[in-house]
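Q: A predicted structure for the sequence below; I have some questions about it.
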Amino acid sequence: MSATAVAPRLHGIRRRRGLVLAALLAAVCVAVVLSVTIGSKAVPLADAWRALTEPTGTENDIVIRSLRVPRTALGVLAGLALGVAGALMQGHTRNPLADPGLLGVTQGAAFAMVASIILLGAQSLLAYIWFGLAGALVASVCVFALGMVGGRGGPTPVTLALAGTAVSAFLYALTSAIVLLDEQAMDVFRFWQAGSVAGRGPDVVWQVLPFILVGLVLALVNAPGLNALSLGEDVARSLGQNIALTRSVGVTAVTLLTGAAVASCGSLAFVGLVVPHLARPLSGTDHRWLLPYSGLIGAALLLVSDVIGRVVAPSPGELEVGVVLALIGAPFFVALVRRRKPVRL
C-alpha cells in the first residue's frame, strides 16, 4: 500500500477514535448528571446547578453539596481507576479473564482494615482507608517478589497470576479468621465486601485522589511498552524495551489504582474484568487508546450502577453498587467464558 493511501486511512482511524473518546466523555457527563439529581430525593437539574453555583443553605443544597457531589466524584475516580487497572492487568498477564484483584490488592486491603480494628483500635472510615491502602501495597509487593523467584528478567505473566492467587487465598483465610473474633471487624468487613460509594465525604475523595492520579499517569506511560509486550517478549526486546521495567511500572500502576479504589469503596467486583472487554472493540489492541476508553467506560458503568441501586431500593435500604455490578457482571462473565473463540491478547 502506498504512502498516499496509508495517510488518509490513518487519519480516518484517528478521527474515529477521537469521536469515540468524545462520545465516552459525554456518556460520563450524563452519568454524573444522573448521579447528582437522582436518588431517594429527586433534585431538578436547575436546582442542582444553583446548589453548586449559588448555594443558599436549602435542603437541596445540603443534599447536593454534602452527599451527592462527593459520592459522584468518588464513583468517577473509582470507575476510572478500576477500568484502567483491569486493562493493564489483562495486558500484562495476557489473560482475558484477569482482574485487578489478581495481584492480591483486594484481599490485602481487606486484611489490613480488619487487622487495624483489632490490633490498633481503628474506628473511623478515614483510618480504614489508610490501612487498606497500605495493605494493598504490601500485598502487591509480596506478589511481585514471589513472581520473581526463580525467574530471569522479572516476573512472567504466569508467575504473577500464580503468586497473586496464592497470596489472595492466604489473606482471605486470615481475614475470615479475624472477623469471627470481633463483631466490629465483622460489621466493617461486611459493609466493605459489598462495595459502596455511599457515606463517603469530600475528605475521602481528597485522600485517594493523589494515588489515583499517579496511577493514571503511570498507566499512560506504560501503554507504549505494553503495546510492545503484546507482540511477544523477544520482539519487545528487539525494539529496545526493558521488560522488567515495563512490568514494574505496570504493576505499580495497577497497585495504586486498585488499592485506592478498593480501600475507599470496597470490593467492586467485575468492573476491572468487564470494562476492558467493552472497550476493546472500540479501541482495538492499542493500549494508548484502550486505557482511556476503559477508564471512561468504568466511570460511566459504576455511576449508572449506583443510580440503579438507588432507584431499585430507595434509601435508607438502597442496593449497594457492588451488588448491582455483580448482577450486571456475572452474566457477562459467564458469556465470556462460554465464547467459542476466546479473546486473544
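A: Nice, I can see it.
Q: Test my guess that residue 297 contacts residue 272.
A: No - shown here, residue 297 and residue 272 do not form a contact pair, counting by C-beta atoms under 8 Å, at 11.4 Å. C-betas here are computed from N, CA, C, even on glycine.
Q: anything in contact with each of those two?
A: When C-beta atoms under 8 Å, 6 or more residues apart in numbering defines a contact, the residues bordering residue 297 and residue 272 alike are residue 83.
Q: Have a look at these two and say which one is more surrounded.
A: Between residue 297 and residue 272, counted using other C-beta atoms under 10 Å, the more crowded position is residue 272 (31 against 25).
Q: which residues of the stretch 1-150 of the chain fall in helices?
A: 3-37, 45-53, 59-62, 69-93, 105-120, 125-148 (DSSP state H, counting those that start in this stretch).
Q: In CSV, list the C-alpha atoms belonging to the third one.
A: What that stands for is helix 59-62. Extracted C-alpha coordinates of helix 59-62, given in CSV (Å, rounded to 0.1, in the frame of the first residue of the first chain):
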residue,chain,number,x,y,z
GLU,A,59,-32.3,21.2,51.8
ASN,A,60,-31.4,20.6,48.1
ASP,A,61,-28.2,22.5,48.6
ILE,A,62,-27.2,20.3,51.5
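Q: for it, packing partners?
A: Where contact means 3 or more C-beta pairs under 8 Å, 6 or more residues apart in numbering; DSSP states H and E, helix 59-62 is packed against helix 45-53.
Q: next one: the fourth one
A: Packing contacts for helix 69-93, counted by 3+ C-beta pairs under 8 Å, 6+ apart, involve helix 3-37, helix 157-179, helix 202-229, helix 243-265, helix 271-283, helix 287-312.
Q: Packing partners of the first one?
A: Okay, so that is helix 3-37. The helices and strands touching helix 3-37, judged by 3+ C-beta pairs under 8 Å, 6+ apart, are helix 45-53, helix 69-93, helix 271-283, helix 287-312.
Q: okay, those, which one's buried deepest?
A: helix 69-93 (a mean of 28; mean count of other C-beta atoms under 10 Å).
Q: how far does that one sit from the chain's center?
A: 3 Å (C-alpha atoms, centre = their mean, to the nearest Å).
Q: please begin residue numbering at 40 from this point
A: Fine by me, first position is 40 from now on; the one you just mentioned is helix 108-132.
Q: State the mean pLDDT of that helix.
A: In this model, helix 108-132 has a mean pLDDT of 93.
Q: hang on, the earlier thing: closest to residue 370 out of the helices of the stretch 40-189 of the chain?
A: The closest of these to residue 370 is helix 108-132. By C-beta to C-beta, the value is 17.6 Å.
Q: So what touches stretch 249-257?
A: 116, 119-120, 123-124, 172, 288-289, 291-296, 298-300, 334.
Q: Enumerate the positions of the lowest-mean-pLDDT helix or strand in the chain that are buried.
A: Between all helices and strands in the chain, the lowest mean by mean pLDDT, DSSP states H and E belongs to helix 222-233, at a mean of 77. Within helix 222-233, the residues that count as buried by 16 or more other C-beta atoms under 10 Å are 224, 227, 228, 230, 231, 232, 233.
Q: Stretch 232-252 too?
A: 232-237, 239, 243-244, 246-247, 250-252.
Q: So what would you say the end-to-end distance of that stretch is?
A: In stretch 232-252, first residue to last residue: 24 Å (C-alpha to C-alpha, to the nearest Å).
Q: returning to what we had before: of the helices of the stretch 40-189 of the chain, which is nearest residue 265?
A: helix 108-132 (4.8 Å).
Q: Kindly calculate the angle that the closest one makes with helix 241-268.
A: Angle, helix 108-132 to helix 241-268, by axes from the mean of the first three to the mean of the last three C-alpha atoms, to 10 degrees: 20 degrees.
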